[in-house]
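Student: Give the three-dimensional model of this entry:
(chains A, B and C)
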Amino acid sequence: MKEVKIFARAGQGAITTAAILGEALYYEKKYAYAFPHFGAARMGAPMNAFLRLDEKPIRMRSQVYEPDYIVVIDPTLIESQACFHNVKSGAKAVVAVRESTQLPKVEGVKIYTLPAEKIAMDVIGRPFANTVLLGAFAKATGEVKLDSVLKAVSGRFKGKPQVQEKNVEAVKKGYENV
Amino acid sequence: MAEAAKLCRPGVVAAYPITPQTHIVEHLAQFVADGELNSEAINVESEHSAASVVLGAENAGVRSFTCTSSQGLLLMGEVVYCIAGMRLPVLMICANRAVSAPINIWNDQQDSIALRDSGWIQLYAENNQEAVDLVIAGYRLGEDQKVMLPVMVCVDGFILTHGMEIVDIPSQEDVDSFLPPYTPPFKLDVNDPMSFGLLGDPSVYMETRYAIHKTFEDVLKKIPQVGSDYEKLTGRDSVRLVEPYKTDDAETIIIAMGSVCGSVKDMVDDARASGEKVGLLKVVTFRPFPKQQVREALKNATHIGVLDKDISLGSDGALYTEVKAAVPDKKVNGFVAGLGGRDITRKTIKSMFQLARKEEKSCTFIDIKPELLWEEFRVS
Amino acid sequence: MFSVLASRAKTSRKNKTGSWRSTQRPKMLGKECIACGLCKFVCPEGCVEGTGKNEFTVDYDYCKGCGLCAFICPKKDVIMVPNQDEEDTKEDKGDT
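Tutor: Modelled structure (predicted):
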């Protein structure tokens, strides 16, 4: 079983990210349990979403404390939310960065960075880094195929062709930028 | 869960939104609005009204569905008792949430436990798949003409209601073949006028309670039958009284209800890998309480630990009391954990395995923060 | 297992609660009646029957003797009399 912790601000699509990854894993006949850090948050408040993935059904229901992978959607949270705290040795981190972002040096953690917000602005026209990071996650971790993520993203926006097209493009760009 | 309810074709849906149950109602309302579910979605101004609506609908011979949580369930309280007393097989999903005060929207099982004596069949789901299964099987069970009792399917708030996982939803044809249309032996009918919910004076009241109590004995026999039919349909044996997990040779057995059972199963496997003989007994059916099955599963155990996500203040956890009464000669340790959404971690469960082997204590709170406890009233 | 849960309509008529009546009962004089129906309308037991002038009757099997019919009657054509006063109650009795 692998555990993923996603860092974002409420409204940046962390839960959607976890849910889409879960759906993508389902297309590969894997099991997933995607869940938010439970509670009432308002837009902009730091929050987490979690994902567990495995070849067999997931039973563990606690929150994720020692993740195998972390995804940072909002780079301004790296320090304040101690994103790299208790990350497992050998973990991988997929981090959206800006020019000013300073990354900590964490031993035993491989960090993949990409300007996800900028890519999102270019492709979608709005700074939603989450779909970009989905592509990056697929490439960096190898846990899920790009095609599965694209299928899940297309499904999510199936009622809105324009949004669907842009988000599919964003996932691809994320994949290419790692 | 909304999908499962939809498959059961309820003719009336009435619920008042409350976290963490809200999106179940929202989805059902959407199904009705989109014409996917041919049902009356009745807007109500409170949970008390929601319960009253489904009481009336069910009494008129219509399969009904409601769901609530926490304060909402308590507000329904008096109608919850009426529904059972009037022998109306309403199905309710209770998204388990802590009860105020202090106000808390997170998960524990205090709310449904508070209504355990109301005459409802109470089933606790470990995961979303079981929630789906228990809803469908719950209607079949409650509507059995020899049963005619309401069913509360309890699902841990947030952990299940907001957790997304892969679930197998049976087809409409399968559900239709498993669950025939609701045909009550009696109902409100203008062509055959009858009164229900009557005064039951001392000359008759006690028999009405006795009848429900005796029916619960039949329910203990019916659940495995319904479970076996459901398994034939879906291949899943999720509808049951208890689920023993590696208990046969276990010296230490933890007993629990709901989603935490999944976590305990993982920890049982971990502990067994390092040679500890531990097991889990999951209680699916809490009302009626399957005393015999619990006794049977615990017969070889030396150390028993009961995990309660509720507390009968001034006594012990509700599940603890039941288990101890089932095996009075055994050493049983009681644990209260995860109240108000405090996360039950791997460490929490490990500490319960250890404490279960110590001397008998009926009620130990796990993960208590001593720094938040004072002898005097303080303003923080 | 089931116990007492429902009863059919009109079965409560078996309980002839007229036996609860205290000391007085209404008496329809049947002289000044204008068929306004107020006595029938106000009766909390619904035991006043009738439609035409001077045709209203009281069902003493259920009448509690509250006196509202006598109080409301604009023609004072209903009066309250002691229960035992006259033995005309049988004539006035409606269908049971």
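
Student: can you pull out the helices in chain B?
Tutor: Applying DSSP state H to chain B gives helices spanning B:2-7, B:22-33, B:47-59, B:70-85, B:110-114, B:128-142, B:172-178, B:205-234, B:260-273, B:291-297, B:318-326, B:346-356.

Student: want to throw those into JSON lines with distance to A:N167 and mean neighbour count?
Tutor: (Glycine included, C-beta is placed from N, CA and C.) Formatted as JSON lines, the helices of chain B follow (distance: least, Cβ to Cβ, whole Å; neighbours: other Cβ atoms under 10 Å in any protein chain shown):
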{"stretch": "helix B:2-7", "distance to A:N167": "25", "mean neighbour count": "22"}
{"stretch": "helix B:22-33", "distance to A:N167": "23", "mean neighbour count": "18"}
{"stretch": "helix B:47-59", "distance to A:N167": "38", "mean neighbour count": "23"}
{"stretch": "helix B:70-85", "distance to A:N167": "37", "mean neighbour count": "22"}
{"stretch": "helix B:110-114", "distance to A:N167": "39", "mean neighbour count": "24"}
{"stretch": "helix B:128-142", "distance to A:N167": "26", "mean neighbour count": "26"}
{"stretch": "helix B:172-178", "distance to A:N167": "32", "mean neighbour count": "14"}
{"stretch": "helix B:205-234", "distance to A:N167": "35", "mean neighbour count": "16"}
{"stretch": "helix B:260-273", "distance to A:N167": "33", "mean neighbour count": "21"}
{"stretch": "helix B:291-297", "distance to A:N167": "50", "mean neighbour count": "18"}
{"stretch": "helix B:318-326", "distance to A:N167": "46", "mean neighbour count": "22"}
{"stretch": "helix B:346-356", "distance to A:N167": "36", "mean neighbour count": "19"}
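
Student: for those helices, which one sits closest to chain A?
Tutor: helix B:260-273 (3.3 Å; Cβ to the nearest Cβ).

Student: Mind listing the residues bridging to B:V153?
Tutor: On the basis of DSSP bridges, B:V153 is bridged to B:I93, B:L123.

Student: quick revisit: out of the helices of chain B, which comes closest to chain C?
Tutor: Ranking the helices of chain B by proximity to chain C (Cβ to the nearest Cβ) places helix B:205-234 first, at 3.9 Å.

Student: now stretch A:73-80: how far from the chain's centre is it?
Tutor: Averaging C-alpha positions (Cα atoms, centre = their mean, to the nearest Å) puts stretch A:73-80 13 Å from its chain's average.

Student: From the opening residue of that stretch to its closing one, how far?
Tutor: 14 Å (Cα to Cα, to the nearest Å).

Student: Let me know how buried residue 7 is, in neighbour terms.
Tutor: Here I'm looking at chain A. Using other Cβ atoms under 10 Å in any protein chain shown, the number of residues around A:F7 comes to 25.

Student: Actually, chain C is the one I wanted.
Tutor: A count of nearby residues for C:S7, using other Cβ under 10 Å, gives 14.

Student: Ok, the one 3 residues further on next?
Tutor: Neighbour count of C:K10, defined by other Cβ under 10 Å: 8.

Student: can you list the domain ranges for chain B.
Tutor: As assigned by automatic domain parsing, chain B contains the domains B:2-234, B:242-377.

Student: For the ones you listed, please prepare JSON lines with the additional fields mean pLDDT and distance to A:G44.
Tutor: Output for the domains of chain B, formatted as JSON lines (pLDDT from 0 to 100; distance: least, Cβ to Cβ, whole Å):
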{"stretch": "domain B:2-234", "mean pLDDT": "96", "distance to A:G44": "20"}
{"stretch": "domain B:242-377", "mean pLDDT": "97", "distance to A:G44": "22"}
